[in-house]
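Engineer: only the shape, not the letters, is given here:
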């Protein structure tokens, strides 16, 4: 079946200009034109658009994962369907690894919280530089966390910030979760709820509040990874259909 630009755009729910952008980015197979220079699409283009829309349906957090998805779509557009299928299998495995890492970060954070309840005030660092060095981060990163309300640091008699065991435990939690790609908003939400004795870590970090006007994928990271995994499975089905020459 053949389609005009407006027709195929309506079928996948995008503006015709978006179709033209996909063509410019080489995310679609070569598009033939009429003598009047009008684009003519076929069912192969429709399948590619379904693949593309599925691939980018969830906001991908990691730059590496985002690049993987982009390459899958480009390879499929060049009609290397077997290559795109294998790349999608690799992408699916990487998503699962990322999910394990995200879950492990929550587990480690939980253990730090539990241990901090039993710890005695023994560690004290004066000033951001000392605390940042102990955590293996820069003082600018530490300053950013403080400015974003992730932690409030008391000061000693000389006016220097005093990072005791309680503050260092909290900073370790923030560092672990940030390294696992959780957003500062989700970490702040989790810490605030735990400070109030509400809910568990996993629930708090993955459930945005109704008061949050703008919610990004990293604000509900585990859910986003689950959705991306489901979309990757759908991509495999679409690629398999293209490979077999089946059009739904």
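Structural biologist: All right, it came through fine. Predicted model, so just to flag it, every value in this text is computed and none were measured.
Engineer: the one helix or strand in the chain whose mean pLDDT sits lowest packs against which elements?
Structural biologist: Ranked by mean pLDDT, DSSP states H and E, the weakest helix or strand in the chain is helix 201-205, scoring a mean of 84. If contacts are counted by 3 or more C-beta pairs under 8 Å, 6 or more residues apart in numbering; DSSP states H and E, helix 201-205 sits against helix 81-118, helix 184-195, helix 221-244. C-beta here means a position set from N, CA and C on the backbone, and glycine is covered the same way.
Engineer: same for the first one, what does it pack against?
Structural biologist: If contacts are counted by 3+ C-beta pairs under 8 Å, 6+ apart, helix 81-118 sits against helix 63-77, helix 165-179, helix 201-205, helix 221-244.
Engineer: in JSON lines: these, plus mean neighbour count and distance to residue 88.
Structural biologist: Below are the helices and strands packed on helix 81-118 laid out as JSON lines (neighbours: other C-beta atoms under 10 Å; distance: least, C-beta to C-beta, whole Å):
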{"stretch": "helix 63-77", "mean neighbour count": "18", "distance to residue 88": "5"}
{"stretch": "helix 165-179", "mean neighbour count": "19", "distance to residue 88": "26"}
{"stretch": "helix 201-205", "mean neighbour count": "19", "distance to residue 88": "28"}
{"stretch": "helix 221-244", "mean neighbour count": "18", "distance to residue 88": "5"}
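Engineer: same list (the helices and strands packed on helix 201-205) but as CSV, adding distance to residue 29 and mean pLDDT.
Structural biologist: Conversion of the helices and strands packed on helix 201-205 to CSV gives the following (distance: least, C-beta to C-beta, whole Å; pLDDT from 0 to 100):
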stretch, distance to residue 29, mean pLDDT
helix 81-118, 11, 91
helix 184-195, 39, 88
helix 221-244, 10, 93
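Engineer: and of the ones you listed, who's closest to residue 158?
Structural biologist: Residue 158 lies closest, by C-beta to C-beta, to one member of these: helix 81-118, at 25.7 Å.
Engineer: quick check: angle from that closest one to helix 63-77?
Structural biologist: Calculated by axes from the mean of the first three to the mean of the last three C-alpha atoms, to 10 degrees, helix 81-118 forms an angle of 170 degrees with helix 63-77.
Engineer: rewinding a little: now the helices and strands packed on helix 201-205 in TSV, please, with extra columns for distance to residue 42.
Structural biologist: Converted to TSV, the helices and strands packed on helix 201-205 look like this (distance: least, C-beta to C-beta, whole Å):
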stretch	distance to residue 42
helix 81-118	16
helix 184-195	43
helix 221-244	12
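Engineer: go through those and name the closest to residue 48.
Structural biologist: Among those, the nearest to residue 48 by C-beta to C-beta is helix 221-244 (7.6 Å).
Engineer: angle of that closest one against helix 165-179?
Structural biologist: Angle, helix 221-244 to helix 165-179, by the same axes, to 10 degrees: 10 degrees.
Engineer: among the helices and strands packed on helix 201-205, which is nearest residue 174?
Structural biologist: Proximity to residue 174, assessed across these by C-beta to C-beta, is greatest for helix 184-195 (5.8 Å).
Engineer: from the centre of this structure, give me the residue that's furthest out.
Structural biologist: Most distant from the centre of the chain: residue 35, at 44.2 Å, with distances by C-alpha atoms, centre = their mean.
Engineer: and the gap between the closest residue to residue 122 other than its chain neighbours and residue 57?
Structural biologist: Excluding the flanking residues, the one nearest residue 122 by C-beta to C-beta, 6 or more residues apart in numbering is residue 165, at 6.1 Å. Plainly put, residue 165 is 44 Å away from residue 57 if you go by C-beta to C-beta, to the nearest Å.
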